[in-house]
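What would the 3D arrangement of this be:
(one chain, ligands or ions: 1)
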Amino acid sequence: MANAMLQQTVGGTLQLLSNSGTHCNVGNRSVRLLPKGFKLEVEFSKRGIYSSGKRKFNVIQASTSQTSVVGPLLAPSSSDTVDSHMKSNEVALILIRHGESLWNEKNLFTGCVDVPLTNKGVEEAIEGGHRISNIPVDMIYTSSLIRAQMTAMLAMTQHRRKKVPIILHNEDERARAWSKIYSEDTIEQSIPVITSWKLNERMYGELQGLNKQETADKFGHEKVHEWRRSYDIPPPNGESLEMCAQRAVAYFRDNIEPQLLSGKNILISAHGNSLRSIIMYLDKLTSQEVITLELSTGIPMLYIFKEGKFIRRGSPVAPTEAGVYAYTRRLAQYRQKLDDMLT
Ligand SMILES: O=C(O)[C@H](O)COP(=O)(O)O
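Numbering: from 1, shown residues only. Next up is the predicted model:
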């Protein structure tokens, strides 16, 4: 039976769309789950892991304005043997900057303008996927921009586990109801893709759409470099990296880190600056150190999250027939299980 996954407003109410009539302990309350398709609102005061018998409900960070159920897709069944051994205190976190976009190709400031990938960007996403094809992925987070979503979906075409990434639609009740999946087996063979504007590229304000070289010619190379690579100086009516970090890192800590702690292996497909701000948090970089951090398009970066610590392991290389190198013993075991499953 699929567990329901919940979003909740800390100190507020929890809405639970349940598919069974069992009880669920939420905080210090034991509440009865309503039959399928009903909503249940309960009060509780903190987030955490709540269990109803053997079923666990990961209560994840709230959306402040609305609560919604992200659906059973987020709770792969423990019967999934290939992945279940990874549910331990060690999980993989993969970050990937989107492949080259049409405005990267034209050297235009892009920011939050929603442009697609170039052919080269598509190829980069596929190659990036080849490099992570043996690393477990239980959940995918992307920005709300198509270039990051295309990169994630194209990369996952290369994954050897062949689970299907499915973008969750929680915009409203109809979106949730109309995108519901009615097969447990199909759910187990799916990977939830959660999109959020908080992972978007920094908003480049009045530079969006301008050519970077022409802008440097107009305002001076120093000024443009300051807009592009300082930590706390925003472009005209845009976001500084610090402002971008305030939303991107907060989203990571409130929504993604709890999933890592619950044993989920996660892929984040986002942007140069939103990822620079997250890496600044993961690697504990100073505002001076992050200035020199650059991310190439379509190149995945692997972290191992273990005992609450992020260990950067670099960019995975594509698996070769000869090379059986894995970054940790558990990743080697996962790869072996894939080999066994696919032979
Ligand atoms: O938004 C853009 O223009 C690029 O994705 C990132 O630009 P930058 O490398 O100049 O910050």
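
where do the strands sit along the stretch 151-300 of the chain?
164-167, 190-195, 266-270, 300-306 (DSSP state E, counting those that start in this stretch).

List just the one of those that sits closest to the ligand.
strand 266-270 (10.3 Å; Cβ to the nearest ligand atom). Yep, even glycine has a C-beta here, placed from its N, CA and C like the rest.

Off-centre distance for stretch 139-156?
9 Å (Cα atoms, centre = their mean, to the nearest Å).

What is the neighbour count of L207?
22 (other Cβ atoms under 10 Å).

so which of the strands of the stretch 151-300 of the chain gets nearest T151?
With Cβ to Cβ as the measure, strand 266-270 is the member of the strands of the stretch 151-300 of the chain nearest T151 (4.8 Å).

What separation do you get for Y251 and T215?
Taking Cβ to Cβ, to the nearest Å as the measure, Y251 falls 29 Å from T215.

same check, this time on E124
25 Å.

So for the two, which sits in the more crowded spot?
E124 (24 against 21).

ok, for that one, nearest residue in space, not its chain neighbours?
Once flanking residues are discounted, E124 sits nearest to G298: 2.9 Å by Cβ to Cβ, 6 or more residues apart in numbering.

what sits against the one you found?
I96, R97, H98, G99, E100, G121, E124, A125, E127, G128, T151 (Cβ atoms under 8 Å, 6 or more residues apart in numbering).

Relative to N255, how far out is it?
G298 is 24 Å from N255, by Cβ to Cβ.

which bits of the stretch 51-200 of the chain sit near the ligand?
The stretch 51-200 of the chain has residues F109, T110, G111 near the ligand, with proximity defined as Cβ under 6 Å from any ligand atom.

Counting neighbours, what do you get for the second one?
Read that as T110. The burial count for T110: 24, using other Cβ under 10 Å.

Next up, phi/psi of it, please.
Backbone torsions for T110, taken as degrees, to the nearest 10, come to phi -100, psi -60.

Please report the distance of it from T297.
From T110 over to T297 (counting by Cβ to Cβ), the distance is 12 Å.

wait, what's in contact with N104?
N104 is in contact with T110, T118, G121, T297, counting by Cβ under 8 Å, 6+ apart.

Just name the closest of the residues you listed to Y231, please.
T110 (19.9 Å).

I'd guessed that closest one sits against E201; true?
Yes - between T110 and E201 a contact is recorded at 6.4 Å, counting by Cβ atoms under 8 Å.

ok, back up a step: okay, and the common contacts of T110 and T297?
Shared contacts of T110 and T297, counting by Cβ under 8 Å, 6+ apart, come down to S101, N104.

pLDDT at the single nearest residue of the stretch 51-200 of the chain relative to the ligand, what is it?
The stretch 51-200 of the chain approaches the ligand most closely through T110 (3.6 Å), counting by Cβ to the nearest ligand atom. We have a pLDDT of 98 for T110.

so where does the closest residue to it other than its chain neighbours fall, helix or strand?
Counting by Cβ to Cβ, 6+ apart, T110 lies nearest to W103, which is 4.4 Å off, once chain neighbours are set aside. Counting by DSSP states H and E, the element that carries W103 is helix 102-105.

ok now that helix, how far from the chain's centre?
Offset of helix 102-105 from its chain centre (Cα atoms, centre = their mean): 23 Å.

Packing partners of the helix or strand following that helix?
Remark: after helix 102-105, the chain's next helix or strand is helix 119-131, criterion DSSP H and E. On a contact count with 3 or more Cβ pairs under 8 Å, 6 or more residues apart in numbering; DSSP states H and E, helix 119-131 meets helix 146-156.

Kindly calculate the angle that the helix it packs on makes with strand 266-270.
Taking axes from the mean of the first three to the mean of the last three Cα atoms, to 10 degrees, one finds that helix 146-156 is oriented at 140 degrees with respect to strand 266-270.

contacts for helix 146-156?
Residues outside helix 146-156 that contact it (Cβ under 8 Å, 6+ apart): 96-99, 101, 114-117, 121-122, 124-126, 128-129, 132, 137, 140, 142-143, 163, 165, 167, 191, 193, 195, 199, 267, 269-271, 298, 300.

what sits against G209?
With Cβ under 8 Å, 6+ apart as the criterion, the residues that contact G209 are W103, L108, F109, V113.

From these, pick the one nearest D232.
Once Cβ to Cβ is applied, the member of those that ends up nearest D232 is F109, at 18.7 Å.

Can you tell me the closest non-neighbouring residue to the closest one?
Using Cβ to Cβ, 6+ apart, the closest residue to F109 is L207 (4.0 Å).
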